[in-house]
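Novice: fold the following and give me the result.
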Amino acid sequence: METQRFSPEMTVDEAFRLHAGARRVFARFHLGGCSHCAISESHQLGQLCEDYGIPLPLLLDSLNALFDQGVLNVGDRVRISAELRTTIPQLATVPEIGVIPGAESGAYTAEFGDVRLQGLSEDFIPVAPEAQAS
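Specialist: Numbering: from 1, shown residues only. Just a heads-up that it's a prediction; the model follows:
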C-alpha cells in the first residue's frame with residue numbers, strides 16, 4: 001500500500017492532517033507564521049505556491065520528504081539530543097531514555113519519566129537494542 005502524498009489540489013488543512021511535520025515545512029517557506037504571510041487552511045497548495053511565488057515542485061518535494069524520515073513505533077525507546085537538552089534547560093534533569101507511547105500523523109509522544117514531549121521522528125534519537133537492556 002502506497003503512502004498518501006501531498007498534491008497541488010490538497011488544502012493546507014488536509015496537509016496539516018496528513019503529516020504533523022507539514023507545519024514545519026510551511027514555516028521554512030515563511031508561510032503562515034506572521035500577519036503578512038497568513039494563509040487560509042482552505043487554500044490549495046498549488047494556488048498557495050502561485051500566490052506566494054514559491055515553486056510548487058520545491059514545496060511538494062519538501063512536504064513529501066517527510067515520509068522519508070525514520071519511523072518510530074509505539075514501545076520504542078529514545079533519547080533527547082544533547083543539543084536540545086542544552087538549549088532547553090528544563091530538559092537537563094529528565095531521564096536519559098524515554099519511551100514512545102503513541103504516534104499519530106507523523107507526530108510522536110515520548111515519555112521521559114514524568115515529562116511528556118511531542119515531536120517528529122527527527123526530534124528523538126532511537127536507542128539501540130543493546131542499550132535498551134539496562
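
Novice: please make it C-alpha for all contacts and neighbour counts, starting now.
Specialist: Fine.

Novice: would you confirm that residue 94 contacts residue 115?
Specialist: Yes - taking contacts as Cα atoms under 8 Å, residue 94 lies within contact range of residue 115: 6.9 Å.

Novice: these two: which is more packed in?
Specialist: When neighbours are counted by other Cα atoms under 10 Å, residue 94 and residue 115 differ, and residue 94 comes out ahead with 16 against 12.

Novice: how about the nearest residue to that one once chain neighbours are set aside, what does it touch?
Specialist: Leaving aside its chain neighbours, residue 94 sits nearest to residue 112 (6.2 Å; criterion: Cα to Cα, 6 or more residues apart in numbering). Taking Cα atoms under 8 Å, 6 or more residues apart in numbering, we find residue 112 in contact with 94-99.

Novice: using CSV, list the CA coordinates for stretch 56-76.
Specialist: Extracted C-alpha coordinates of stretch 56-76, given in CSV (Å, rounded to 0.1, in the frame of the first residue of the first chain):
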residue,chain,number,x,y,z
LEU,A,56,5.3,24.1,-6.5
PRO,A,57,7.8,21.2,-7.0
LEU,A,58,10.1,22.6,-4.3
LEU,A,59,7.2,22.8,-1.7
LEU,A,60,5.8,19.3,-2.7
ASP,A,61,9.3,17.7,-2.6
SER,A,62,9.9,19.2,0.9
LEU,A,63,6.5,18.0,2.1
ASN,A,64,6.8,14.6,0.6
ALA,A,65,10.3,14.2,2.1
LEU,A,66,8.5,14.0,5.5
PHE,A,67,7.6,10.4,4.6
ASP,A,68,11.2,9.5,4.1
GLN,A,69,12.1,10.3,7.7
GLY,A,70,12.8,7.5,10.1
VAL,A,71,9.8,5.8,11.7
LEU,A,72,9.4,5.2,15.4
ASN,A,73,7.0,2.6,16.8
VAL,A,74,5.0,2.5,20.0
GLY,A,75,7.2,1.0,22.6
ASP,A,76,10.5,2.2,21.0
